[in-house]
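Visitor: Next input, structure requested:
(chains A, B, C and D)
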Protein chains: 2
Amino acid sequence: MTLAPSPGLSRAAVVAAARELLEEGDADDLSFRGVARRLGVTAPALYAYVEDKQELLAAVATEHFEVLAARFLAVDAADPLDRIRLLGRAYVDHALASPALFRLMFRYPPRPTAGLDAFPPATRAFEMAAAATEEAVAAGQLRVADPFLANLAMWAAVHGAAEVLLLGFGADEAIAEVLVDEVIETMLAGQITGR
Amino acid sequence: MTLAPSPGLSRAAVVAAARELLEEGDADDLSFRGVARRLGVTAPALYAYVEDKQELLAAVATEHFEVLAARFLAVDAADPLDRIRLLGRAYVDHALASPALFRLMFRYPPRPTAGLDAFPPATRAFEMAAAATEEAVAAGQLRVADPFLANLAMWAAVHGAAEVLLLGFGADEAIAEVLVDEVIETMLAGQITGR
DNA sequence: GACTCGTGGTGAACAGTGTTTACCACGAGC
DNA sequence: GCTCGTGGTAAACACTGTTCACCACGAGTC
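Guide: Numbers count the residues shown, from 1 in each chain, chains lettered A, B, ... in the order given. From the prediction side, this is the model:
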């Protein structure tokens, strides 16, 4: 075996390899051995850096939650309502950018056991959205009884739009553009009225 | 070629066995051989009734779409708006009743390739919701530009609520009751305004 | 330099998977 | 009594995730 400058194999490299494979293919086709092959190494070697396949996938999912948070950070709008709109579109863009990774986020969610606090990487993005909602409420732009619930509902609606697009309706490019806006604007309009 | 009801296997029995296994466990734990075992038969025997594992799961998914349609059929409300509310809750109930089957519906969706028309079992449920929306529009209860788009957005929002609850927030029973109503009422309020 | 030793990997093996192939028991039709 | 097709089985193939025994090799110490 030619001992070329060994890749040095780190946990980050393993997670990155898994992420790359998921970006190119389906989640069902991802194999632990395949990740090892991409790294030019045999499968048992990975167990030094990763507990097992599940934990590896969970790490990829967590990483992708932070990619979402980064996307959210790039959103910049003074008006809270506009920020909500942009955050929603960023969420859907994130989903459409790599469907396999997006689905993975929720197939191996980072410990969804004990409420929102046990959801740390997800919370970062969630709280950015919550902040926009609360700001809009404070500014009198939205009239909602429970800002937390309103934000959760907004997330659910946007998440649903992303899933629907991932289901194949996104093939029609026109719908992809229009559906997320329809969902967001309708939700905002419903909250502006205060019911 | 005749449908001789032999004491042995049938396609329906195979699909039913797979469904039962999915009702009790996770989708990742379902194995083709496991389905055969439950039927007291070896795995190759199933290939007489089912193309492969994917096609079997797709059949289970299709069947579960019809369960949803049946649930929708049971909804009876004179007021279109009330019908929309009940349909939404029925959808979420359907999801929470057996999460593995609900997720399967969209993991192996019945041919999501060519728009809605190629989605026959799904369309049945979808069209029942669309009918309610159109009725509400005709009655002047909702003011929407594009009823189809509005209904799609409504589905997306309710679907998202179901997914969010399945993600673990449903553990808090209170949220399960409240979130779906929040989403539906907000969407309705947004459509009532007509923006 | 020779000797130990832990680090970071290999190869083989185990149990299980989806799927294909070859085979066979058995009941119906002539 | 003979075919013959139907409906199943057993064995095998190529995978999978995971564990175990082993070993090459660089560093540390005498």
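
Visitor: Could you use CA atoms for every contact and neighbour count after this?
Guide: Fine.

Visitor: Close to chain B: what parts of chain A are there?
Guide: Within reach of chain B by C-alpha under 8 Å from any C-alpha of the partner chain, chain A has these residues: A:106, A:109, A:112-113, A:115, A:149-150, A:152-161, A:163-164, A:167-169, A:171, A:179-180, A:182-183, A:185-191, A:193, A:195.

Visitor: Make a ChimeraX selection of the buried ones in the residues you listed.
Guide: This is how ChimeraX selects the buried members of the residues of chain A next to chain B, with burial counted by 16 or more other C-alpha atoms under 10 Å in any protein chain shown:
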select /A:106,109,112,149,150,152,153,154,155,156,157,158,159,160,161,163,164,167,168,169,179,180,182,183,185,186,187,188,189,190,191,193
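
Visitor: do you know how far residue A:128 is from residue A:70?
Guide: 11 Å (C-alpha to C-alpha, to the nearest Å).

Visitor: and the two? which has more neighbours close in?
Guide: Set side by side, residue A:128 and residue A:70 show more neighbours around residue A:128, with 17 against 13, by other C-alpha atoms under 10 Å in any protein chain shown.

Visitor: what helix or strand does the more buried one sit in?
Guide: Residue A:128 belongs to helix A:120-138 when elements are defined using DSSP states H and E.

Visitor: Check which helices and strands that helix is in contact with.
Guide: helix A:53-73, helix A:80-97, helix A:147-166 (3 or more C-alpha pairs under 8 Å, 6 or more residues apart in numbering or on different chains; DSSP states H and E).

Visitor: For that helix, buried residues please.
Guide: In terms of neighbour count (16+ other C-alpha under 10 Å), helix A:120-138 has its buried residues at A:120-126, A:128-137.

Visitor: any idea of the angle it forms with helix A:147-166?
Guide: If you take axes from the mean of the first three to the mean of the last three C-alpha atoms, to 10 degrees, helix A:120-138 sits at 120 degrees to helix A:147-166.

Visitor: Low-confidence stretches in chain A?
Guide: The model of chain A has pLDDT under 70 over residues A:1-7, A:111-121, A:170-173, A:194-195.

Visitor: switch the cut-off to 80
Guide: A:1-8, A:109-123, A:168-174, A:193-195 (pLDDT under 80).

Visitor: Who's the closest spatial neighbour of residue A:137, skipping the chain neighbours?
Guide: Distance criterion C-alpha to C-alpha, 6 or more residues apart in numbering or on different chains; nearest residue to residue A:137, sequence neighbours excluded, is residue A:143 at 6.1 Å.

Visitor: Which of the three states applies to that neighbour?
Guide: Of the three states, residue A:143 takes coil according to DSSP: H, G, I helix; E, B strand; the rest coil.

Visitor: ok, it - contacts?
Guide: A:137, A:191, A:192, A:193, A:194 (C-alpha atoms under 8 Å, 6 or more residues apart in numbering or on different chains).

Visitor: ok, now with 10 Å
Guide: By C-alpha atoms under 10 Å, 6 or more residues apart in numbering or on different chains, residue A:143 lies in contact with A:136, A:137, A:150, A:188, A:190, A:191, A:192, A:193, A:194, A:195.

Visitor: now residue A:80
Guide: A:86, A:129, A:131-139, A:141-142.

Visitor: before we move on, what about residue A:164?
Guide: A:158, A:170, A:176, A:179-180, B:106, B:152-153, B:155-157, B:159-160.

Visitor: measure it to residue A:77 for me?
Guide: In terms of C-alpha to C-alpha, residue A:164 sits 27 Å off from residue A:77.
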